[in-house]
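Engineer: Structure for the following, please:
(chains A and B)
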Amino acid sequence: MIPVIGLFVGIAAGLFLDPSVPVALQPYLPIAVVAALDAVFGALRAYLDGIFDDKVFVISFVSNVVIAALIVYLGDQLGVGGQLSTGVIVVLGIRIFSNVAAIRRHIFHA
Amino acid sequence: MPRATTPPSDVLRRLLDDAVDDDYGAAVSDRQPGNPTLQRPAAAAIVVVVAFGLLVGIAAGQARSGAPQEARERSALFDRIENRQVTIAALTDRLEQLRQQILDLQGTATEGNERARDLLAGLTTARALTGAAPVIGPGVQITADDAPGGQSGPEGKVLDVDLQVLVNGLWQAGAEAVAINGNRLSPLSAIRTAGRAITVNYRSLSPPYVIEAIGDPQTLQARFIETPGGQAWLDLQTNFGLRFELDSGDSLTLAAAPAPRLLIQYAQRQGELP
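Structural biologist: Numbering: from 1, shown residues only, chains lettered A, B, ... in the order given. Here you go, the predicted structure:
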């Protein structure tokens, strides 16, 4: 229950306080969100599987976001920013889908 | 582990199998065997969840506020452009009225005065010649356009130099007044590319380009074809498919050039009036 409340508090804070993101960091925000989404759905699935571990969650979340941002940065520097970002989105997207499918099986048993 | 039996080439399958980080499994096997039940998330996990929410919220806020901001600026610019255009139109009308008034006053002022009448006649000719006054007369009408059918690239497009050689050819063939898409050429007019459009008298033109020239109806068309400009355009027509049509006109009306294209600041008349 507490994590769900925390999630909504975070979203509300982000929406209403509207903290300004430095222009230099703005390109990394969308892909960081996707990476974070992957970590969160992975954690949710692990929780339902009964193997959740908060140390793993914290580390996977932080490293996912950092690595995603690093890949975008690297792509920008190499001049292939768009393609590398697409690769990251595809991989993370597939993982999110299969994790959500597992979560769905847990909840609806279907 | 299922990974050992999966062919390494089957990347997508591996991606699907490993969707949950292996670390969760590893963390469970590290734990004491007596405690495999669900664990309450600790403070660190909650902090991370709040951070995640914050990330999502900020991204949503950015996506929401970014687009309307641009749209607002765009429409504000459009409004300003329209306002200025209305102002320009009003000022142009006023200018036209005043110019007509000057002509009327000149007419009345010179009545009964021989020398004044001569001067006025000379002025009228000069005004027609320089493009300061609208003119009417016979001549040719040329329609030029980009090559039809998406033949893009510079070859299929009418360039500013193409119009320049065309107009040059018309002068050479004896044209007395020339206008492109209704923009009368004055001695100070330039035909040039600005951005993606060709401009004449600082007005952007869009194809098709209609060039009207007043001159001897018997010879203008034939002589124009003989000029280098006419020849160049026949080449463009056959080699690059540009549209090039010549029509004779019995009564072409060419408007006056805009006032800024008739102003001189540095050149001064030398000697006495005739």
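
Engineer: Please name the bridge partners of the residue nearest to the spatial centre of chain B.
Structural biologist: With distances taken as Cα atoms, centre = their mean, the residue of chain B nearest its centroid is residue B:197 (3.9 Å). According to DSSP bridges, the residues that bridge with residue B:197 are residue B:194.

Engineer: how much space between it and chain A?
Structural biologist: Per Cβ to the nearest Cβ, to the nearest Å, residue B:197 is found 31 Å from chain A. In short, each C-beta sits where N, CA and C put it, glycine included.

Engineer: Name the helix or strand for residue 62, please.
Structural biologist: All of this is about chain A. In the assignment (DSSP states H and E), residue A:62 maps to helix A:54-78.

Engineer: Wait, chain B was what I had in mind.
Structural biologist: helix B:43-109.

Engineer: what separates the helix or strand just after that helix from the chain centre, distance-wise?
Structural biologist: Moving toward the C-terminus from helix B:43-109, the next helix or strand (DSSP H and E) is helix B:114-130. Using Cα atoms, centre = their mean, to the nearest Å, the mean C-alpha position of helix B:114-130 is found 38 Å from that of the whole chain.

Engineer: what helices or strands is helix B:114-130 leaning on?
Structural biologist: Here helix B:114-130 touches helix B:43-109, going by 3 or more Cβ pairs under 8 Å, 6 or more residues apart in numbering or on different chains; DSSP states H and E.

Engineer: Quick one: mean pLDDT over the helix it packs on.
Structural biologist: Regarding helix B:43-109, the rounded mean pLDDT is 84.

Engineer: Just give me how far that helix sits from the chain centre.
Structural biologist: 19 Å.

Engineer: on that earlier part again, looking at it, the residue nearest to the centre of chain B is touching residue B:206, isn't it?
Structural biologist: Yes. The pair residue B:197 / residue B:206 is scored as a contact, 6.6 Å apart, by Cβ atoms under 8 Å.

Engineer: if we can go back for a sec, which secondary structure elements does the helix holding residue B:62 sit against?
Structural biologist: Applying 3+ Cβ pairs under 8 Å, 6+ apart, we find helix B:43-109 packed against helix A:2-12, helix A:28-49, helix A:54-78, helix B:114-130.

Engineer: quick one: that helix to helix A:2-12, angle?
Structural biologist: 20 degrees (axes from the mean of the first three to the mean of the last three Cα atoms, to 10 degrees).

Engineer: quick revisit: buried stuff in the helix or strand just after the helix holding residue A:62?
Structural biologist: Sequence-wise, the next helix or strand downstream of helix A:54-78 (DSSP H and E) is helix A:81-108. Neighbour-count burial for helix A:81-108, counted by 16 or more other Cβ atoms under 10 Å in any protein chain shown, picks out A:81, A:84-85, A:88, A:91-92, A:94-96, A:98-99, A:102-103.

Engineer: ok, and which of those residues reach chain B?
Structural biologist: By Cβ under 8 Å from any Cβ of the partner chain, the members of these lying near chain B are A:91, A:94-95, A:98-99, A:102.

Engineer: could those go into TSV alongside pLDDT?
Structural biologist: Formatted as TSV, those follow (pLDDT from 0 to 100):
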residue	pLDDT
A:91	86
A:94	88
A:95	87
A:98	86
A:99	87
A:102	86
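
Engineer: nearest to chain B, of the residues you listed?
Structural biologist: Chain B lies nearest to residue A:98 out of those, by Cβ to the nearest Cβ, at 4.0 Å.

Engineer: Low-confidence regions, chain A specifically.
Structural biologist: In the predicted model, chain A carries pLDDT under 70 at residues A:110.

Engineer: swap the cut-off to 80 and go again
Structural biologist: A:1-3, A:17-27, A:81-82, A:110 (pLDDT under 80).

Engineer: Pull up the pairing partners for the helix or strand encompassing residue B:179, direction included.
Structural biologist: Residue B:179 belongs to strand B:177-180 when assigned by DSSP H and E. Strand B:177-180 has the following strand partners under DSSP bridges: strand B:183-184 (antiparallel), strand B:209-214 (antiparallel).

Engineer: For stretch B:121-135, buried residues please.
Structural biologist: Within stretch B:121-135, the residues that count as buried by 16+ other Cβ under 10 Å are B:127-128, B:130-133, B:135.

Engineer: got those residues as TSV, with pLDDT columns?
Structural biologist: As requested, the buried residues of stretch B:121-135 are arranged in TSV below (pLDDT from 0 to 100):
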residue	pLDDT
B:127	87
B:128	88
B:130	88
B:131	86
B:132	87
B:133	87
B:135	91
